[in-house]
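> Build me a structure from this.
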Amino acid sequence: MRLEISSAALLTVLRSVWIASHIDGQFGPPDEKCGILLGRGNRVTRIDHTANVAGDPFTTFEIDPAALIAAYRNSRRKGGLEVLGFFHTHPQGPSTPSERDAAMAAPDGKLWLIAGREGALLWRAVEGGEIHGRFDPVRFDLRIGKRIEPDQTGVRLK
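Residues are numbered from 1 along each chain as shown. The predicted structure is shown next:
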């Protein structure tokens, strides 16, 4: 079975990009948003936003280590959601991984959801990936309530 993402969870990330590009930009460059993809097996059911603790949040991101540790700790509890990957935004750029993203990503098979001006794309961090030697694109099924939109390459903002 292909990876599945909840539309409600994905909407939280797309909202971040829209807000960053329409509101944050009025007061200076928008900062990158980031967080953690949570779920079970091959199903992303929740996306938690975390603080971006990077020294320059306008050009890079760093997930708050305390939030990351808490997510991994919760995943070990009975009924806890697994850490399936991470998300961040490129509020002024594309939804493709940057060279900096590739340098930061461990080739551990985790998912990376990147949302940019045009929408969101999903990637997997692997050794020798087709993008910057680190990322491979991931197709997914989008769950909208009980309905499934199969075989998506991403979600576009209109």
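> contacts, neighbours, all on C-alpha from now
Noted.
> what element comes up after the least confident helix or strand in the chain by mean pLDDT heading to the C-terminus?
In the chain, no helix or strand scores lower on mean pLDDT, DSSP states H and E than helix 7-22, which sits at a mean of 76. Once helix 7-22 ends, the next helix or strand along the chain (criterion: DSSP states H and E) is strand 34-40.
> other SSEs contacting that following strand?
Using 3 or more C-alpha pairs under 8 Å, 6 or more residues apart in numbering; DSSP states H and E as the contact test, the elements touching strand 34-40 are strand 43-50, strand 82-90.
> model confidence over that strand, on average?
Averaged over strand 34-40, pLDDT sits at 95.
> how many degrees apart are it and strand 82-90 in direction?
150 degrees (axes from the mean of the first three to the mean of the last three C-alpha atoms, to 10 degrees).
> Using neighbour counts, pick out the buried residues of strand 34-40.
For strand 34-40, burial by neighbour count (16 or more other C-alpha atoms under 10 Å) applies to Cys34, Gly35, Ile36, Leu37, Leu38, Gly39.
> Name every strand pairing with the lengthiest strand in the chain and say which way it goes.
If you go by DSSP state E, the chain has its longest strand at strand 119-129. In the sheet, strand 119-129 lines up against strand 111-116 (antiparallel), strand 133-137 (antiparallel), strand 154-156 (antiparallel) (DSSP bridges).
> Phe140 touches Arg2, doesn't it?
Yes. The pair Phe140 / Arg2 is scored as a contact, 6.0 Å apart, by C-alpha atoms under 8 Å.
> Just send the helices and strands packed on strand 34-40 back as JSON lines, with mean pLDDT too.
Output for the helices and strands packed on strand 34-40, formatted as JSON lines (pLDDT from 0 to 100):
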{"stretch": "strand 43-50", "mean pLDDT": "93"}
{"stretch": "strand 82-90", "mean pLDDT": "95"}
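> ranking those by burial, who's on top?
strand 82-90 (a mean of 24; mean count of other C-alpha atoms under 10 Å).
> just how off-centre is that strand within its chain?
Mean C-alpha position of strand 82-90 versus that of the full chain (C-alpha atoms, centre = their mean, to the nearest Å) differs by 3 Å.
> The residue most central in space within the chain - nearest residue in space that isn't next to it in sequence?
In the chain, the residue lying closest to the centroid (C-alpha atoms, centre = their mean) is Phe87, at 2.0 Å. Nearest residue to Phe87 in three dimensions, chain neighbours excluded: Leu113, at 4.5 Å (C-alpha to C-alpha, 6 or more residues apart in numbering).
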